[in-house]
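1. Quick one, fold the following:
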Amino acid sequence: MQGILPYLVSALLYAAMGVYFWQRHWSAAANAPATAASRAGERLCVLVLLGVHAAALFGAMLSGNTLRIGVGDAVSAILWLAVLIYWLGGLFYRLEGLQALILPAAAVAALLPAVFPAARPLPNTELLAFRLHLLISMLAYSLFTIASLHVLLMAMLERHLHRGTLPAGLRTLPPLLTMEILLFRIIWAGFVMLSLTLASGVVFSEEVFGRAARLNHKTIFGIVSWLVFGALLFGRHFYGWRGRVAVRWTLAGFLMLVLAYLGSKFVVEVLLGRS
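-> Modelled structure (predicted):
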């Protein structure tokens, strides 16, 4: 097991970069437009941070021939993937202002594996079905984490547009219509990943236990989340849902998703002290 130092280094670097992005893109003094060179430098720095975080996180999770994932590891991995997805999205969209929001969250998440370490290795990690199920579920969580932050930022942008004043960070963002298109692309990708997560969970249960997945609280909340996001996409396609409706449905679906896995894992591992 690693000590706290690698996680602390990752957290401090994320925090420092988050402060930089805040001062560069959100503070009242951020008036100078970003140049191509500065944006390239920022992307390189974030990529280095992702490498440092990955070395600390996955080095501990994959130690030996086992896989250890506690609640702290799970949250940390989800935020690592979220930052990576933002970094990739930055190659196609102007998302510098969003980094000021995601990096502080990643800084907190980077410390969680040291605070809530995994008690024991996960069983059945040698099975391909389980590994695929785990990867797809992490991607789904990361995409919906981004969607939740994104929809809150859109609500903030819309409110300031109505008031006629925009903070520096909001002025660097794409137009609201572009943000909305990007939001639903993220939700569609997350919905596909969540659908595959539920389907692969059934396959995994059949392969390991020879029976269909049980309808426990994790499965119920996962299905409810899938229905919420499915209804949102249906309403968007047929009724043009947007604005506050999209905010409410996105956050409701994300809450159900959190309760499905991370909430139950936190209760079992942290509050009840079980592995």
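
2. Buried residues, the top helix by length along the chain. List them.
-> Assignment by DSSP state H gives helix 128-163 as the longest helix of the chain. Buried residues in helix 128-163, defined by neighbour count with 16 or more other C-beta atoms under 10 Å: 129-130, 133-151, 153-154, 156-158. C-beta coordinates here come from the backbone N, C-alpha and C atoms, glycine included.

3. Equivalent analysis for stretch 234-250, please.
-> Under the neighbour-count criterion of 16+ other C-beta under 10 Å, stretch 234-250 has 236, 241, 242, 246, 247, 249, 250 buried.

4. Phi first, then psi, for residue 13.
-> phi -70, psi -40 (degrees, to the nearest 10).

5. need the contact list for it.
-> 49, 52 (C-beta atoms under 8 Å, 6 or more residues apart in numbering).

6. what's the distance between it and residue 69?
-> 23 Å (C-beta to C-beta, to the nearest Å).

7. Residue 253 now?
-> Counting by C-beta to C-beta, the separation of residue 253 from residue 69 is 23 Å.

8. When those two are compared, which one has more neighbours?
-> Set residue 253 next to residue 69 and count neighbours by other C-beta atoms under 10 Å: residue 253 wins out with 26 against 19.

9. Against which helices or strands is the host helix or strand of that one packed?
-> Using DSSP states H and E, residue 253 maps to helix 243-258. Under the contact criterion of 3 or more C-beta pairs under 8 Å, 6 or more residues apart in numbering; DSSP states H and E, helix 243-258 touches helix 128-163, helix 176-209, helix 217-239.

10. Domain-wise, how is the protein divided?
-> 1-121, 123-275 (automatic domain parsing).

11. any chance of those in JSON lines, with mean pLDDT too?
-> Formatted as JSON lines, those follow (pLDDT from 0 to 100):
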{"stretch": "domain 1-121", "mean pLDDT": "82"}
{"stretch": "domain 123-275", "mean pLDDT": "80"}
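
12. before we move on, the earlier item: could the helices and strands packed on helix 243-258 be laid out in JSON lines, adding distance to residue 75?
-> Shown next, in JSON lines, are the helices and strands packed on helix 243-258 (distance: least, C-beta to C-beta, whole Å):
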{"stretch": "helix 128-163", "distance to residue 75": "9"}
{"stretch": "helix 176-209", "distance to residue 75": "17"}
{"stretch": "helix 217-239", "distance to residue 75": "16"}
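
13. quick one, which of those helices is nearest to residue 7?
-> Residue 7 lies closest, by C-beta to C-beta, to one member of the helices and strands packed on helix 243-258: helix 128-163, at 18.3 Å.

14. which other helices and strands contact that closest one?
-> Judged by 3+ C-beta pairs under 8 Å, 6+ apart, helix 128-163 is in contact with helix 71-89, helix 96-115, helix 168-171, helix 176-209, helix 243-258.

15. With respect to residue 81, which of the helices and strands packed on helix 243-258 lies nearest?
-> For the helices and strands packed on helix 243-258, the distance to residue 81 is smallest for helix 128-163, at 3.7 Å, taking C-beta to C-beta.

16. any idea of the angle the closest one forms with helix 243-258?
-> Relative orientation of helix 128-163 versus helix 243-258 (axes from the mean of the first three to the mean of the last three C-alpha atoms, to 10 degrees): 150 degrees.

17. Let me know the angle separating helix 128-163 from helix 176-209.
-> 160 degrees.

18. Now find how far off-centre helix 128-163 is within its chain.
-> Chain-centre distance of helix 128-163: 6 Å, with C-alpha atoms, centre = their mean, to the nearest Å.
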